[in-house]
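S.K.: Take a look and give me a structure for this.
(2 chains)
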Amino acid sequence: MSGSEIVFYVFAFMAIASGIATITRKNPVVAAVWLVASFFAVAVNYVLMSASFLAVLQVLVYAGAMMVLFVFVIMVLDVDETGAAESRRPSRVGRFGYYFGLLLSGGMIVWVLLATLSKQFITPGARIPPDAEFGSANAVGRLLFTDYLFAFEAVSLLLLAAVIGAVVVARSRREREKEALAAGMTLEHMHAAGLHEHLQDQDQHEGMVAGPYAQTDFGEPSAIGHEGGN
Amino acid sequence: MTFALGPVPLLPEPAAAAGQATTASAQALVDMVHLAPMMIVGIWSLIVLVADAFARPGLRRFQQTLTLLGLGLAVLAAVGQFGHYEYDGGIEVFSGFLYVDQFALLVDLGILGVAGAVVLFAGDYNRSHRFEYGEHESLVLIATFGVMILAHAGDLVALFLGIETMSIAVYVMVGARWNSRQSPEAALKYFVMGAFSSGLLLMGIALVYGATGVTGLDQLSHEVSTVFTKWRAAQDYVAVVEAPEGFPAGMVDMAQDKVALGIAPAALLIPGVLLVLGALLFKVSAVPFHMWTPDAYEGAPSPTTAFMAAGVKIGAFAALLKLFVGTFIVGSLVQAPYGWTSVVLWLAAATMIVGNLAAVRQTNVKRLLAYSSVAHVGYLLVGVVAAASFYGDRPAKGYLPTADEHAWASNAGDTAVASILYYLLAYAVATLGAFACVSWLGRDKKEASAAHEWSGLAQRHPGIALGMTVCLLSLMGMPPMGGFFGKLFVFRSAFEHGSEALRIVVVIAVVNSVIGAVYYLRLIVSMYFRPPLERDLGHVEGRGAPVVLAAAAALSVLIGIGADAMMQRCRLASAGFRIPPSEARAERVDELRAQWEQREAEADRKAAQEEGQQPGQKAGQQPGQQPDEKAQVEVPAAAAPSAEGGTPPAEAEALDDGG
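M.R.: Just a heads-up that it's a prediction; the model follows:
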């Protein structure tokens, strides 16, 4: 076993272990820190695959910027440390999903192990050593600004749409609160227009699965008024 | 269609551009000029966004006008290019990342029209329901940009980018109605399911890339067949690996390597293709993946629903056609047992049955239209399967020489793609009209979308009811309307293929169209023959929705009456569909044009002869048949020469050497 292989196995194990830790920790901040560890381990493996630029980006962007954002969001949202999941019994669908997911991932792991041991599906990896340029910032930059120039530009528009989305959603919340303050007048107005009567039967025929937002009458301003009143 | 403009000399010829020693940046500029419609839409979304920052609340109409101006410019650019690629089969831009061809331009025009209509009536709707927000127009433009990427995509990365750009903008539009409880819920459902399906798409793309090592659609179509060639070659060594007794150790080792090398790519490719297929079926809301559709359509603001039902469908079907009909058309991937068509065919049947049966039970017009759109996806998928079967399957016509069979299958496949395009456009027009009407009724944060609220609509608003009726009849498939010819073309080309399963599904589809008539007619009857509600539910102020409705109704009829010309446009767009833009495609397009011209000339000559010989007989021949309808039926028949049961040998020879 050569040196690079040892490094690979050590960090691959670290990546998987911290990945498992991420999804099993109750405290979201701790889970986020485990996720950082996983990103670091994966970054080391990128270096082994001579994608050094990608590894640097992984550490800078994912382990750095993204995780700071995650932790901020977690703190701002003030999630309960023990998590609400424990206090609530999982629904039948939730339990089914849990066991099904366990079965699926377990089966896949067993399958991969068996295939690995029986040497059936192992393709001899590309043994061609990449040239010195491969994976460097130089090479990535050249590709990004020639072949993938359009993708580079289009992604900026995609991100713009996401930013607009964040602004619109955040503003909706503020507007809803404003609306709640003025709800008395609006409610009166709606009653006068007689627009609230048929909402009841409209709800009955809807095959909508009751989600977390489905507790009140849809589109009924009085529901919003309630919320504001409380 | 009246876009009869000739080629535009403004655009630099791609060959000439390549001949000069151009730098990369100059080439990029040239590519951007070729992508003018798309670039205009992309840049305009930024302009509109910045303009919104300076707009005062009272000046939102200016925003709308500005957006329409941008869309108009993009339409002009697309129309300018429209004739151009009919002749040269299109080009690749950004080193094959995107294609600019007739197919993409037709889809561009379609989506630009959809975006323009949505912008026209969304402003009034948002204002009337008091959730006006300035980013709406910009989001519509970004979503349009995403659909245009899908139409132009020449690479799996472009495909993913397009789907994401389109979806993210639409998620936001769905959830933007802050004074409704339903809207955020719909957005959440749509977003979670959509993000999941994007994950499937990305995993599928990764597997396909792992199996083939390329992402460009052009190289992919070659590599996919290489994968199966290797797979077949490896089969000989399987016996050695399974029973290694008696073989020398070196040979067993070599056999193991060969088997691993041969089977691994296929073992990666097939799950990858199925994952991509699942993701795209989610985007078009085909049956096992349709659960989100009614909730998202109902909860979204009506203009956004219109964009989802018309625009997103166009984009998703463009992607489906590009990838599955244009790229993965190797026999092994198309035919049973490993092929996707056998699965998708029965999914199509299930999609229309579930969509129609669920729609019959709906009492909310938006949900009804949502389920009806699911049913329409079923009909369209039949066409997709037919097109792929023609290209991949090469059904044997006993009396034709092999080369002619090949040419016939290519021709028939092109016709199937053209039928899908026609159907999509007719469906998009009618759906836009229907949702414009839905968005017009009701005001002050309350949509009048319950079916009973529509009773007696014709007495209150006769014009609106008439427009809605025309659109519903088109969706239902009433003969003079576009919807009928869409169904006719798609079912016809599916029936032509001649495989048992396809014919059974076509019969199911026809029965389903009749079931579909139940709920469309019930709504129409309710509008015309029921007494109106005592209280007036009011309507959105502004002229946007009625204008769109009138235009949609008129276009539905026009597309139907002019189905001949329209189908011809679609056929030009789909000529040589599975060949990526290249010299070969240009030759194929030239060849097809020559064939059509020859056939038209022959038909004219025959007609002239008949008229000369029996002047009296022809007039009395088909008294019941409308002249335009007869013309329609003849187009696909002429395109796929064996349609009428027998091809004259002379004509079959004219088809020689299609590939």
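
S.K.: Would you map the helices across the stretch 1-150 of chain B?
M.R.: In the stretch 1-150 of chain B, the helices defined using DSSP state H, counting those that start in this stretch lie at B:14-19, B:24-34, B:36-54, B:60-82, B:84-88, B:102-128, B:136-152.

S.K.: ok but residue B:442 is inside a strand, no?
M.R.: Yes - under DSSP: H, G, I helix; E, B strand; the rest coil, residue B:442 falls within a strand.

S.K.: what residue ranges in chain A score low on pLDDT?
M.R.: Within chain A, the segments meeting pLDDT under 70 span A:1, A:78-90, A:115-132, A:173, A:176-230.

S.K.: which one's the longest helix in it?
M.R.: helix A:149-181 (DSSP state H).

S.K.: Compute the inter-axis angle for it and helix B:136-152.
M.R.: 150 degrees (axes from the mean of the first three to the mean of the last three C-alpha atoms, to 10 degrees).

S.K.: Packing partners of helix A:149-181?
M.R.: On a contact count with 3 or more C-beta pairs under 8 Å, 6 or more residues apart in numbering or on different chains; DSSP states H and E, helix A:149-181 meets helix A:221-229, helix B:36-54, helix B:136-152, helix B:156-175. No exception for glycine: its C-beta is placed from N, CA and C like everyone else's.

S.K.: Relative to residue B:318, which of the ones you listed is closest?
M.R.: With C-beta to C-beta, the closest approach to residue B:318 among the helices and strands packed on helix A:149-181 belongs to helix B:136-152: 4.8 Å.

S.K.: Show me what that closest one packs onto, helices and strands only.
M.R.: Here helix B:136-152 touches helix A:149-181, helix B:36-54, helix B:60-82, strand B:98-100, helix B:102-128, helix B:156-175, helix B:313-320, going by 3+ C-beta pairs under 8 Å, 6+ apart.

S.K.: Which stretch among these approaches residue B:223 most closely?
M.R.: helix B:156-175 (11.7 Å).

S.K.: quick one: average pLDDT of the closest one?
M.R.: Mean pLDDT, helix B:156-175: 94.

S.K.: Now look at it and say if it contacts chain A.
M.R.: Yes - Helix B:156-175 reaches chain A (C-beta under 8 Å from any C-beta of the partner chain) through B:157-158, B:161-162, B:164-165, B:168-169, B:171-172, B:175.

S.K.: what's around residue B:611, how many residues?
M.R.: Each residue near residue B:611 was counted by other C-beta atoms under 10 Å in any protein chain shown, and the total is 12.

S.K.: Residue B:475 too?
M.R.: For residue B:475, using other C-beta under 10 Å, the count is 28.

S.K.: OK, contacts around it?
M.R.: Residues in contact with residue B:475 (C-beta atoms under 8 Å, 6 or more residues apart in numbering or on different chains) are B:372, B:376, B:427, B:430-431, B:434, B:483, B:516, B:520.

S.K.: Remind me which helix or strand it belongs to.
M.R.: In the assignment (DSSP states H and E), residue B:475 maps to helix B:462-476.

S.K.: Just the buried positions in that helix, please.
M.R.: By neighbour count with 16 or more other C-beta atoms under 10 Å in any protein chain shown, helix B:462-476 contains the buried residues B:464-476.

S.K.: Show me how chain A divides into domains.
M.R.: Domains of chain A are assigned by automatic domain parsing as A:1-89, A:93-122, A:173-212.

S.K.: I'd like a version of the helices and strands packed on helix B:136-152 in JSON lines, one that adds mean neighbour count and distance to residue B:27 as further columns.
M.R.: Converted to JSON lines, the helices and strands packed on helix B:136-152 look like this (neighbours: other C-beta atoms under 10 Å in any protein chain shown; distance: least, C-beta to C-beta, whole Å):
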{"stretch": "helix A:149-181", "mean neighbour count": "17", "distance to residue B:27": "10"}
{"stretch": "helix B:36-54", "mean neighbour count": "20", "distance to residue B:27": "15"}
{"stretch": "helix B:60-82", "mean neighbour count": "20", "distance to residue B:27": "18"}
{"stretch": "strand B:98-100", "mean neighbour count": "28", "distance to residue B:27": "13"}
{"stretch": "helix B:102-128", "mean neighbour count": "26", "distance to residue B:27": "19"}
{"stretch": "helix B:156-175", "mean neighbour count": "26", "distance to residue B:27": "17"}
{"stretch": "helix B:313-320", "mean neighbour count": "26", "distance to residue B:27": "26"}
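
S.K.: quick one, helices of chain A?
M.R.: A:3-24, A:28-48, A:52-57, A:67-77, A:92-118, A:137-145, A:149-181, A:183-193, A:199-205, A:221-229.

S.K.: Of those, which is nearest residue B:318?
M.R.: That would be, of these and by C-beta to C-beta, helix A:149-181, which comes in at 15.9 Å.

S.K.: Same list, the helices of the stretch 1-150 of chain B, but as CSV with mean pLDDT please.
M.R.: Formatted as CSV, those follow (pLDDT from 0 to 100):
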stretch, mean pLDDT
helix B:14-19, 47
helix B:24-34, 81
helix B:36-54, 91
helix B:60-82, 88
helix B:84-88, 63
helix B:102-128, 92
helix B:136-152, 94
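
S.K.: Just put those helices in TSV and tack on distance to residue B:179.
M.R.: Converted to TSV, the helices of the stretch 1-150 of chain B look like this (distance: least, C-beta to C-beta, whole Å):
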stretch	distance to residue B:179
helix B:14-19	51
helix B:24-34	41
helix B:36-54	20
helix B:60-82	17
helix B:84-88	46
helix B:102-128	11
helix B:136-152	15
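
S.K.: Could you list the alpha-carbon positions for the helix holding residue B:475 in PDB?
M.R.: Provided in PDB are the C-alpha atoms of helix B:462-476 (Å, rounded to 0.1, in the frame of the first residue of the first chain):
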ATOM      1  CA  PRO B 462     -70.500  36.900 -22.900                       C
ATOM      2  CA  GLY B 463     -67.200  37.700 -24.600                       C
ATOM      3  CA  ILE B 464     -65.100  36.100 -21.900                       C
ATOM      4  CA  ALA B 465     -67.300  33.000 -21.900                       C
ATOM      5  CA  LEU B 466     -67.000  32.700 -25.600                       C
ATOM      6  CA  GLY B 467     -63.200  33.000 -25.500                       C
ATOM      7  CA  MET B 468     -62.900  30.500 -22.700                       C
ATOM      8  CA  THR B 469     -65.200  28.100 -24.600                       C
ATOM      9  CA  VAL B 470     -63.000  28.300 -27.700                       C
ATOM     10  CA  CYS B 471     -59.900  27.600 -25.600                       C
ATOM     11  CA  LEU B 472     -61.600  24.700 -23.700                       C
ATOM     12  CA  LEU B 473     -62.800  23.200 -27.000                       C
ATOM     13  CA  SER B 474     -59.300  23.400 -28.300                       C
ATOM     14  CA  LEU B 475     -58.000  21.600 -25.200                       C
ATOM     15  CA  MET B 476     -60.800  19.000 -25.700                       C
END
